[in-house]
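**Q** pasted the sequence and its predicted model underneath.
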Amino acid sequence: MTDEPVKTLKPGALLAAMRQKNPLVQNITNFVAMNISANVMLAAGASPAMVHCPEEAGEFATIAAALTVNIGTISPDFFDGMKMAATAANAAGKPWVLDPVAHFATAYRRAAVAELLALKPTVIRGNASEIISLAGEHAMGQGVDSGDSVASAEAAARALAIRQGCVVAVTGERDFVTDGDRAVHVLGGSKMMPRVTALGCSLTCIVGAYVATVPDEPFEATVGALALFAAAGDLAGRDAFGPGSFAVRFLDFLADVTPDAVDAVARVVPA
Amino acid sequence: MTDEPVKTLKPGALLAAMRQKNPLVQNITNFVAMNISANVMLAAGASPAMVHCPEEAGEFATIAAALTVNIGTISPDFFDGMKMAATAANAAGKPWVLDPVAHFATAYRRAAVAELLALKPTVIRGNASEIISLAGEHAMGQGVDSGDSVASAEAAARALAIRQGCVVAVTGERDFVTDGDRAVHVLGGSKMMPRVTALGCSLTCIVGAYVATVPDEPFEATVGALALFAAAGDLAGRDAFGPGSFAVRFLDFLADVTPDAVDAVARVVPA
Amino acid sequence: MTDEPVKTLKPGALLAAMRQKNPLVQNITNFVAMNISANVMLAAGASPAMVHCPEEAGEFATIAAALTVNIGTISPDFFDGMKMAATAANAAGKPWVLDPVAHFATAYRRAAVAELLALKPTVIRGNASEIISLAGEHAMGQGVDSGDSVASAEAAARALAIRQGCVVAVTGERDFVTDGDRAVHVLGGSKMMPRVTALGCSLTCIVGAYVATVPDEPFEATVGALALFAAAGDLAGRDAFGPGSFAVRFLDFLADVTPDAVDAVARVVPA
């Protein structure tokens, strides 16, 4: 754990680099998230491609700069595509991000996420219940929403990061990111965010865009992606009347927010 | 038929109870509706989960407080998941809601809806053409939009409710709800609503949230869900410039509307 | 090439005719586009139906007035449905529109689009990279976004239109439409449009609504559909703060724009 992670991490500079690269990211995500995730990526400055079927998912993973996998509405065909894409990404040295949506809910989902973990994601992003349960502890979540606080998931996140050799991000009212060694909190956002569906799934895709930009720095990339969401969420929430207008403003601010504004609005502090 | 259903039904109180419970509802719905249905549920105060594949749909139905099934973009895999989830919901004593989208359009869809009806939905919600055709009469609908008026579907709705032993809701310019004995109209909403896709599908999910809240009172629950839509739709339509801004405001008002405002704006009258 | 295509084409009158007919259009599109495409069609005045599975796609194509096929998130089941629907549309004399999203990206996609081309679409709508590559030339595109300018695709579009005997539309910063003989540019729109996902896919569905309205005039229909998007995009972009608010305003103006406003705002000029 560094003493002053704020100064060594550059979320604003990473946003500028991501927009400059405009990375092509393959997202195998759920049906709820497909449209909003693509809109979030286009607004922020990335290039999304939703390519999932086993006939082409692996081939496409060698073209894209990064891959994201989200099990929200998993089925056998999608699962096959996920495994082929993750395997191909690994073979090609491309980073990939796992979003283990409600993986504890059913036997099928638990088995699927175990196979995906064995394929060594570069980053895992989930809510507190998902991360606690992935680490092998008992979580309170039932459906897709977390029943646990981020604070209660921090030890599990560190253990999971060390066990998997990856970066783990727990998002919620106060985000936590760790690579098992370093750890920070990312503060910002809006109380409206849990009232808009699939923003967490969309954030997973944005983590993909950032790790595509600096593939050798997945911890910094993940913090940068979360800082972008924290800043745009904070700005969007200031005048939103409800979740509908918040979602519209959030997309506007993902496009409008400058690197300097990200650094000014989002706060990255030692954990 | 009660003389004064307005006084015995409490849409505002049911909204408060639904928000208090924040019920986990499993929705097996169509690809068009997945995102907006989840946003509608989160805005209103419910907890949606889209879980459809045969490998887990039945198991998840025992966890969720209610199930909704919508055949809008049905395919064999989804159909298998629907049947397994409905069967599991019945076995677990959980209520479930059927949305028979355009079931009269093709032979495949007619056969599917016949199998689903045999699994005894607690509530059926459809447009006038769908309900007329489900009751075995000749409807004017072609695609997903109704070619018939709600008024012309009321007798069919009563017959269907009696035959199935369920609640039937016909929604449109003037909603009609019956359990075969009682019957009411729910008035409100906005002319903009048919110009936004999948609001009817989203209402089916909200009916699921209400029957999850008061599973022994499916008639009252259905009326309550329709009253919420009528109130939020009326409020959202007052200043909307077009269907885009209406949809945004509708989500805002689903979150903002109070129980008292539901009772003040939506009108539930004897049919 | 006519001398003054502007006077022989009537985008405003075609909009009025399309709204009058309110055509039922079957769309087999991708998961990202399903919701926004349906909203675009409802706002503009058409009646969308998303029906894709092999068990019913062919039967439904005989009911609908036109078909659109989009390979954005293609998989074997969807591909079977596309072929059955296109075959049935041909047999019934119904026009159909192909959107060959990123068809050059993988071997599976290349093979699929070759089979679809053999089924003789009435109109092909794509971005510059897609059309260049369909014509057999070398394109710069990688993912779903074009790496080529519309101007660089015009010769390829003409060659493709002649080879296929169909209308080809290349959309981008300056749209180009040709039937191999006639050719026009359609000007308008907004710089925001590429920042909102699936607007091109939605335009393909609107082309379907226009060819359903005047099936014997696919060139005029395609120009009319593009002119509607150009006009509504221009109007929506004038006060939009970002891609979120642009998308909302775009739907509003698709519903609000009059035939006269389409003719006044969109410019159709000889190419």
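**A** Perfect, I can see it now.

**Q** going forward, measure contacts between C-alpha atoms and count neighbours the same way
**A** Noted.

**Q** and the residue in the stretch 1-150 of chain A positioned nearest to chain C, how far from residue B:57?
**A** As assessed by C-alpha to the nearest C-alpha, chain C sits closest to residue A:35 within the stretch 1-150 of chain A, at 4.5 Å. Separation of residue A:35 from residue B:57 (C-alpha to C-alpha, to the nearest Å) stands at 23 Å.

**Q** looking at those two, which is more packed in?
**A** More neighbours surround residue B:57 than the other of residue A:35 and residue B:57, with 26 against 23 (other C-alpha atoms under 10 Å in any protein chain shown).

**Q** got the contact list for the closest residue to chain B within the stretch 1-150 of chain A?
**A** As assessed by C-alpha to the nearest C-alpha, chain B sits closest to residue A:32 within the stretch 1-150 of chain A, at 4.5 Å. Contact analysis of residue A:32 by C-alpha atoms under 8 Å, 6 or more residues apart in numbering or on different chains lists A:197, A:198, B:34, B:35, B:38, B:50.

**Q** give me the neighbour count for the fifth one.
**A** Counted by other C-alpha under 10 Å, the residues lying close to residue B:38 total 25.

**Q** now do the same for it: its pLDDT.
**A** At residue B:38, the model reports a pLDDT of 98.

**Q** show me the helices in chain A, by range?
**A** In chain A, helices defined by DSSP state H lie at A:5-8, A:11-21, A:34-44, A:57-63, A:76-91, A:107-118, A:128-134, A:154-164, A:199-213, A:218-237, A:243-256, A:259-265, listed in chain order.

**Q** mind checking which of those helices is nearest residue C:174?
**A** Taking C-alpha to C-alpha, helix A:34-44 is the member of the helices of chain A nearest to residue C:174, at 20.2 Å.

**Q** relative orientation of that closest one and helix B:34-44 in degrees?
**A** 90 degrees (axes from the mean of the first three to the mean of the last three C-alpha atoms, to 10 degrees).

**Q** for helix A:34-44, name the packing helices and strands.
**A** Applying 3 or more C-alpha pairs under 8 Å, 6 or more residues apart in numbering or on different chains; DSSP states H and E, one finds that helix A:34-44 makes contact with strand A:47-49, helix A:199-213, helix A:243-256.

**Q** point out the most buried one among those.
**A** For the helices and strands packed on helix A:34-44, the largest average neighbour count (mean count of other C-alpha atoms under 10 Å in any protein chain shown) is found in helix A:199-213, namely a mean of 29.

**Q** now do it, average pLDDT.
**A** Computed over helix A:199-213, the average pLDDT equals 98.

**Q** swap in stretch A:264-271?
**A** pLDDT averaged over stretch A:264-271 gives 95.

**Q** kindly check the end-to-end length of that stretch for me.
**A** End-to-end distance (C-alpha to C-alpha), stretch A:264-271: 19 Å.

**Q** now swap in stretch A:63-80 and tell me
**A** Stretch A:63-80 end-to-end distance (C-alpha to C-alpha) = 19 Å.

**Q** show me what counts as buried in it.
**A** A:63-75, A:78-80 (16 or more other C-alpha atoms under 10 Å in any protein chain shown).
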